[in-house]
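Novice: 3D model of this:
(chains A and B)
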Amino acid sequence: MSVIDAGIRPDGARDARETDATVGKPFLEKKVTLRARNVNVFYGEKQALFDVSIDIGKHEVTAFIGPSGCGKSTFLRCFNRMNDTIDSCRVRGEILLDDEDIHDPKMDVVPLRARVGMVFQKPNPFPKSIYENIAYGPRLHGLVSGKSELDALVEKSLSRAGLWNEVKERLDEPGTGLSGGQQQRLCIARAIAINPEVILMDEPCSALDPIATARVEELIDELRRKYTIVMVTHSMQQAARVSQRTAYFHLGRLIEVDKTDRIFTNPSHELTEAYITGRFG
Amino acid sequence: MGMVSGDCRRLHSLPRYYGYYVAMLTALPAILLLALWISLDQSLITHLVMASLPQSMQPLPPSEQSLLINDIRNLATGNITSGEISPALQAAADHYRHLMHLSRLLLPTALFLLAIGGIALGLKVIHPDRRARPAVERVIRWGLILSASIAILTTLGIVLSVLFEALRFFQKVPLADFLFGLEWSPQIAIREDQVGASGAFGVIPLFAGTLLIATIALSVAVPIGLLSAIYLAEFATPRVRTWVKPLLEILAGIPTVVYGFFAALVVAPLVRAAGESIGLEVSSESALAAGLVMGIMLIPFISSLSDDVINAVPGAMWDGSLAMGATHAETIFRVIVPAALPGIVGGVLLAASRAIGETMIVVMAAGVGANLTANPLESVTTITVQIVTLLVGDQEFDSPKTLAAFALGLVLFIATLLLNVLALYVVRRYREAYD
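Specialist: Below is the predicted model:
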């Protein structure tokens, strides 16, 4: 708290409510895919996120940055309700996906997760063949009928993930036998095989070497044409390279959101500046 | 400590290692002597006594010699002997008694002296530079090696004894007849006209019976065990789990004899009644009854092993699948179980080797008739049951009938060994995939 207060005080007479308000431009006028309003997340008694409100623009890469434990991954997992899988976790507030409330009792989590795909920090291909890894989602959601359609979808997904040429000869080999970077691209191919609107990426490159990271970053930039991407990253260079908007989280609060170049060249908030200049985090 | 005037750092080892060192010097030689003495004194004394016997009684065939030694021993301890007592025998017995007395007197003295010597030596060699800790470590290591080798040597001994007896059997019955014979009837005719005593040693019916019962058992145990493991690992709340898991494991603690009479007295009549109600001929001892109960016995095996491997599947698999929009059940059956499958197969193979080796349930519930049949409603018998029936009661140890038990034991041993090796191999390969 004291750090946050310190960041706000210079502005003078703000009341406690406004103290927590996000600076920058959290809200967008148009082309909004995801709209989060006053999201609070609790793990048991402990509150992990405080009144986070943000819009995620369509066909944009939005990067969440911030020191470890600041709640950025927790917030990311709200968008496809992955936090439901943690017993002690409660999410309060409103999240709209194309103006539909994802917490609406009528909203089923299965189609939601088909629309909001996710790629994890550590590549987690299923212990199945490369082909089966991709075919898993389409089969689950009944997206294809017949073998030839599935074959085509597998090829399309792998091509889009830039993996097709590397694995087309060995589709029946286990996905776990690929290199780390290939595994991560396999996971991305798996996610896009069910044609989601949004892809959430939770530090997708933190387990990869620099070359594999560069490939995945290129891929993310290409995918932006068709998908809305939200990514959590610990690497500020990565956020600067691939994202259009950047959100800075600190101790469970969304401190600042703005265009990426503005965040990195001229941040409005002291904390953001402290973080991007490496004074902490 | 006195020698370094209380400065621990000048000692090579911590003070307690010097204590251990002296204690070892005191105890170890004495213990070694005791072990040697106990294992050797009987044969040494016997040898001395035999050597002192008159020449006329010296060259004896081994069988008579052991008879004679028994007589002398009995005489010495005041038991009844066979035949009349000759003076030579009486003298030998006295000699024996005398030597035994001497031995009992000498032993504690020698031990005591050795211990004192050990202490003295220990105190003498103790010195700040003495490398006491490495010495203690060495002794501990050898102690551990000794313990480990006892188990291995015992196993080796059992295997060799079974192997040699089995070889004796195969001298009397050809290996091919044993392995490929279709008839099992180990009674050997004493009279020419005896009924039902053909002396056929074909192991195929026993193998078939064993496999039939094991198959029934596994087809009960695998689905139930696996499903209960999935329930426990993924659906049960922690509260339910803490109650149900131990309860399930109690099943593993029930002695197989209890399962056996449960099978014979409860399940077999039920199976019979059920069979008759739908017009089937069911023998009162059926493979089905034995297999069903054995299956129940194996449930905790399968469920507890499967539970472990299912829990070992990384949580990332869960996240990955759920994030694809899979439901709980879809994730379990399409991702988690396939991922855990090698481990589950390993568990099933271990259970299979249990099923093949199981005896009591089959003795009680499946009978002893060696029928070559695939009908689970008939009575069959297994390898283990035949070993039991061959060896129960008074038997001569050189007839093929008795030796057949060793041959069966060997077959059983090889079969379960192969299954275990296969199971361990599968389980290990699985472990490598995730660690």
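
Novice: rest of the way, CA atoms for contacts and neighbours
Specialist: Will do.

Novice: which residues are in contact with whichever residue of the stretch 151-281 of chain A sits closest to chain B?
Specialist: Distances between the stretch 151-281 of chain A and chain B by C-alpha to the nearest C-alpha are smallest at A:Ala191, namely 6.8 Å. Applying C-alpha atoms under 8 Å, 6 or more residues apart in numbering or on different chains, we find A:Ala191 in contact with A:Gly117, A:Met118, A:Val119, A:Gly137, A:Ile199, B:Met324.

Novice: the last one is in contact with A:Ala114, isn't it?
Specialist: Same thing as B:Met324. Yes - using C-alpha atoms under 8 Å, B:Met324 makes contact with A:Ala114 at a distance of 6.0 Å.

Novice: returning to that earlier point: tell me which element the residue of the stretch 151-281 of chain A closest to chain B is part of?
Specialist: helix A:180-192 (DSSP states H and E).

Novice: tell me the pLDDT at A:Ala13?
Specialist: You'll see A:Ala13 listed with a pLDDT of 37.

Novice: do B:Met3 as well
Specialist: Looking at B:Met3, the pLDDT reads 55.

Novice: among the contacts of A:Ala191, which ones are in strands?
Specialist: A:Gly117, A:Met118, A:Val119, A:Ile199 (DSSP state E).

Novice: let's see if you can find the most crowded of those.
Specialist: A:Met118 (35 neighbours; other C-alpha atoms under 10 Å in any protein chain shown).

Novice: mind listing what the residue of the stretch 201-350 of chain B found nearest chain A touches?
Specialist: Taking C-alpha to the nearest C-alpha, chain A has its nearest neighbour within the stretch 201-350 of chain B at B:Gly325, 4.5 Å off. By C-alpha under 8 Å, 6+ apart, the residues touching B:Gly325 are A:Val109, A:Val110, A:Pro111, A:Leu112, A:Arg113, A:Ala114, A:Gly137, A:Leu140.

Novice: does the fourth one really touch A:Cys78, like I thought?
Specialist: No - under the criterion of C-alpha under 8 Å, A:Leu112 is not in contact with A:Cys78, lying 11.5 Å apart.

Novice: list residues touching both of these two?
Specialist: In contact with both A:Leu112 and A:Cys78: no residue, using C-alpha under 8 Å, 6+ apart.

Novice: now the helices for the stretch 301-435 of chain B?
Specialist: B:315-323, B:328-331, B:337-357, B:360-365, B:383-391, B:400-434 (DSSP state H, counting those that start in this stretch).

Novice: please render the ones you listed as TSV that adds mean neighbour count to the earlier fields.
Specialist: Shown next, in TSV, are the helices of the stretch 301-435 of chain B (neighbours: other C-alpha atoms under 10 Å in any protein chain shown):
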stretch	mean neighbour count
helix B:315-323	21
helix B:328-331	16
helix B:337-357	23
helix B:360-365	26
helix B:383-391	20
helix B:400-434	18
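
Novice: need these in JSON lines with mean pLDDT, can you?
Specialist: As requested, those are exported to JSON lines (pLDDT from 0 to 100):
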{"stretch": "helix B:315-323", "mean pLDDT": "89"}
{"stretch": "helix B:328-331", "mean pLDDT": "88"}
{"stretch": "helix B:337-357", "mean pLDDT": "86"}
{"stretch": "helix B:360-365", "mean pLDDT": "82"}
{"stretch": "helix B:383-391", "mean pLDDT": "83"}
{"stretch": "helix B:400-434", "mean pLDDT": "80"}
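
Novice: out of the ones you listed, which is closest to B:Gly118?
Specialist: helix B:400-434 (46.5 Å; C-alpha to C-alpha).

Novice: now do that closest one: distance to the chain's middle.
Specialist: In this view, helix B:400-434 has its centroid 13 Å away from the chain centroid, taken as C-alpha atoms, centre = their mean, to the nearest Å.

Novice: what do you get for stretch B:299-318?
Specialist: With C-alpha atoms, centre = their mean as the basis, the mean position of stretch B:299-318 lies at 28 Å from the chain mean.

Novice: and for it, what's in contact with it?
Specialist: A:122, A:124-126, B:221-222, B:224-230, B:232-233, B:248-249, B:251-252, B:331, B:335-337, B:339-340, B:343-344, B:347-348, B:351, B:434.

Novice: pull out the buried residues from that stretch.
Specialist: B:299-313, B:316-318 (16 or more other C-alpha atoms under 10 Å in any protein chain shown).

Novice: residues near residue 109, how many?
Specialist: The chain I'm using is chain A. 22.

Novice: chain B is the one I meant
Specialist: 11.
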